[in-house]
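Visitor: structure for the following, please:
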Amino acid sequence: MSSTTLGRIQAVAAGTAVGAPKPVVAGEYGVAPEGFRLPAAARIGRVRLQVADLGRSLRYYGEVLGFRVIERAEGRAVLGAHGSDAPLVELVEKPGARAVPRRGLLGLYHFAVLLPDRAALGRFLAHLGQIGAYAGMSDHHVSEAIYLTDPDGLGIEVYADRPRSAWLQRGPELAMATEPLNTADVIRAAGGEPWTGIPAGTTIGHVHHYVGDIEQAARFYHQGLGFDAVVWSYPGALFLSAGGYHHHVGLNTWAAGSPAATDGDARLLHWELLLPGAAAIEGAAESLRAGGFAPEPAEGGWIARDPWGIAVRIAPDPAA
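Guide: Alright, predicted model coming up:
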């Protein structure tokens, strides 16, 4: 067995014939960690962001993205979907926080807003065209995605999943790609309906981070936190998930050489990993400790930091 986490993933994968891509079969793709494994019900909760100007950010997150404010206090606001009180994004103001440079900082690459269906994505895409907002766009086979950058340079993905019956696997690896988005077809899916803001049923689907080294990151997220590896041959990246999802966490080294985000920068303060019950929460914490990481108690759960200071709050799922 390889002495590295990535080597083990590749060795396990090498034991399965690859062949031509085929429709996914539950339980036949991905590589589980050796020890603790997250339950299939694990999901992403809110993302907590540090921004320089709360008023400016609220205008962007409201007018461009379509969030609504569900809670506001001095220097902070919690945002969610229309028709739902579930918190999705929390903005915390730090006047003078530096904007993220174009080359990026080790830390957040983007957080990803998962819309409930393709029609909602079509309405959102048409809305961006109407207001003249610039966005990047990609078809990842498992999903269709739109990419934006907020006023502080923080990355945001807004996407809709394709049904799992349409996903493909190559051997034990999920098939993902980055190809041009068929924008006309996505807009047609809206059926001419207008965008009226982030709809009920929207969640934070995943988080994606710039890291300094994929092997070190795999030790924390795969072997420590307990995510399955699902895509490992994407250049400079690793994708991990629980329950067979295409990814709850993306990791890449595309900003390698850049410094890590600091308290003086606009940045991700933490993201939430919501788990169904105390046993899963304590299992994740113990697994991290066994891997040499040191989670700290926080609000009924734990806060853990990866080698670049990216913080995850491991917490009970209020919906469980």
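Visitor: residues contacting the nearest residue to His82 once chain neighbours are set aside?
Guide: Excluding its sequence neighbours, the residue lying closest to His82 (C-beta to C-beta, 6 or more residues apart in numbering) is Gly197, at 4.7 Å. Bear in mind the C-beta positions are built from the backbone N, C-alpha and C, glycine included. By C-beta atoms under 8 Å, 6 or more residues apart in numbering, the contact list for Gly197 reads Gly66, Phe67, Arg68, Ala81, His82.
Visitor: now do Val12
Guide: Shown in contact with Val12 (C-beta under 8 Å, 6+ apart): Val31, Pro172.
Visitor: got it, and Ala311?
Guide: Ala311 sits next to Leu268, Leu269, His270, Trp271, Ile303, Ala304, Arg305 when contact means C-beta under 8 Å, 6+ apart.
Visitor: burial check on the fourth one, number of neighbours?
Guide: In this case it means Trp271. The number of residues packed near Trp271 is 23, by other C-beta atoms under 10 Å.
Visitor: show me where the stretch 201-320 of the chain has strands.
Guide: Shown for the stretch 201-320 of the chain, the strands assigned by DSSP state E, counting those that start in this stretch span residues 203-210, 228-231, 237-241, 249-252, 267-275, 296-298, 301-305, 311-316.
Visitor: redo those as a markdown table? Include distance to Leu58.
Guide: Below are the strands of the stretch 201-320 of the chain laid out as a markdown table (distance: least, C-beta to C-beta, whole Å):
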| stretch | distance to Leu58 |
| --- | --- |
| strand 203-210 | 18 |
| strand 228-231 | 35 |
| strand 237-241 | 31 |
| strand 249-252 | 27 |
| strand 267-275 | 17 |
| strand 296-298 | 26 |
| strand 301-305 | 26 |
| strand 311-316 | 23 |
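Visitor: before we move on, the earlier item: pretty sure the residue nearest to His82 belongs to a strand, no?
Guide: No. Assigned with DSSP: H, G, I helix; E, B strand; the rest coil, Gly197 falls outside any strand and is coil.
Visitor: where do the helices sit along this protein?
Guide: In the chain, the segments counted as helices under DSSP state H are 5-14, 54-59, 118-131, 183-188, 214-218, 278-290.
Visitor: ok so, going back, Serialize the strands of the stretch 201-320 of the chain to CSV and add fields for mean pLDDT.
Guide: CSV is the format used below for the strands of the stretch 201-320 of the chain (pLDDT from 0 to 100):
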stretch, mean pLDDT
strand 203-210, 98
strand 228-231, 98
strand 237-241, 98
strand 249-252, 98
strand 267-275, 98
strand 296-298, 95
strand 301-305, 97
strand 311-316, 98
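Visitor: now stretch 111-126: buried residues?
Guide: The neighbour-count check on stretch 111-126 (16 or more other C-beta atoms under 10 Å) flags 111-116, 118-126 as buried.
Visitor: between the helices of the chain, which gets nearest to Ala260?
Guide: Of all these, helix 214-218 sits nearest to Ala260, with 12.6 Å by C-beta to C-beta.
Visitor: what's the closest one packed up against?
Guide: If contacts are counted by 3 or more C-beta pairs under 8 Å, 6 or more residues apart in numbering; DSSP states H and E, helix 214-218 sits against helix 5-14, strand 237-241, strand 249-252.
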